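Asker: Got a predicted model here, sequence first, then my questions.
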Amino acid sequence: MRKTSHNLLVILLLILGIVTGCEKQENAVPPKETVTEEIKGEKIIEDDIGLGEHQIALNDLYIEIPYRKEQVNLYKRVENETIIIDIRDKDSNKLLFTYGEKLSKSNQKLVYREIKLKKSKIKLIATLELNPISHKIIVMNQPTIEILSDTQKIETEFISAVSRSGNYPAEKVEVLANMTLINENYDRENIYEGYLLGVVKTE
């Protein structure tokens, strides 16, 4: 009889342990997202060239982002004679945007944005000519795309550069890409992305 009671007690304790464990699992707080990738470049602490709160300088050009600069971390580096800026979430350091500008002493400039989807990665590249006195863009060439992933082909493609004022010379130009990429597994990914750029005004 004692042995039977002891066995019942053990079973009850096991059941209580399982129930308690389930309750703890249901009430668990999910961990915050963390970034384990290597963060390249030097963190930019201050921006002292008088740009707006959404404007970030590359070199001679600046780009505009949907976030205020105080909401993000900026990391700057130079690779292959190109200034590259990674824009990361302030809390998690998750990569949000990557922009680059080719270093050049001439008035001909090349700028790009890397666009990364789940399975595809491209560069949306713009080439232009600026006037260093008026700080305006006087010539904007047709933007191009560079595929950085194992995409088989581009199914549809519409790429454009449009002056915000509708005319040239322009203070700001918007570069847009609307396209469908097909990768090696015949998966389709639609891209509708772009960026806004202007000329940094220096004294």
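Answerer: Sure, I can see it.
Asker: Now do the strands in this protein.
Answerer: 42-43, 55-57, 61-64, 72-79, 82-89, 95-102, 108-116, 121-131, 136-140, 144-147, 151-163, 172-183, 188-199 (DSSP state E).
Asker: can those strands go into JSON lines with extra columns for mean pLDDT and mean neighbour count?
Answerer: To be clear about C-beta, it is placed using only N, CA and C from the backbone, and glycine gets the same treatment. Compiled in JSON lines, the strands of the chain are given as follows (pLDDT from 0 to 100; neighbours: other Cβ atoms under 10 Å):
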{"stretch": "strand 42-43", "mean pLDDT": "74", "mean neighbour count": "10"}
{"stretch": "strand 55-57", "mean pLDDT": "93", "mean neighbour count": "20"}
{"stretch": "strand 61-64", "mean pLDDT": "96", "mean neighbour count": "20"}
{"stretch": "strand 72-79", "mean pLDDT": "94", "mean neighbour count": "16"}
{"stretch": "strand 82-89", "mean pLDDT": "95", "mean neighbour count": "19"}
{"stretch": "strand 95-102", "mean pLDDT": "96", "mean neighbour count": "19"}
{"stretch": "strand 108-116", "mean pLDDT": "96", "mean neighbour count": "19"}
{"stretch": "strand 121-131", "mean pLDDT": "95", "mean neighbour count": "19"}
{"stretch": "strand 136-140", "mean pLDDT": "96", "mean neighbour count": "18"}
{"stretch": "strand 144-147", "mean pLDDT": "91", "mean neighbour count": "14"}
{"stretch": "strand 151-163", "mean pLDDT": "87", "mean neighbour count": "14"}
{"stretch": "strand 172-183", "mean pLDDT": "92", "mean neighbour count": "18"}
{"stretch": "strand 188-199", "mean pLDDT": "94", "mean neighbour count": "18"}
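Asker: What does the pLDDT read for Tyr186?
Answerer: Listed pLDDT for Tyr186 reads 83.
Asker: if I pick it, what's in contact with it?
Answerer: Gln152 (Cβ atoms under 8 Å, 6 or more residues apart in numbering).
Asker: Pretty sure Ile147 sits against Ile122.
Answerer: Yes - the criterion here is Cβ atoms under 8 Å, and Ile147 meets it with Ile122 at 5.7 Å.
Asker: which residues do these two both contact?
Answerer: Shared contacts of Ile147 and Ile122, counting by Cβ under 8 Å, 6+ apart, come down to Leu181.
Asker: Thr98 pairs with what?
Answerer: Beta-bridge pairing for Thr98 (DSSP bridges): Asp86, Glu114.
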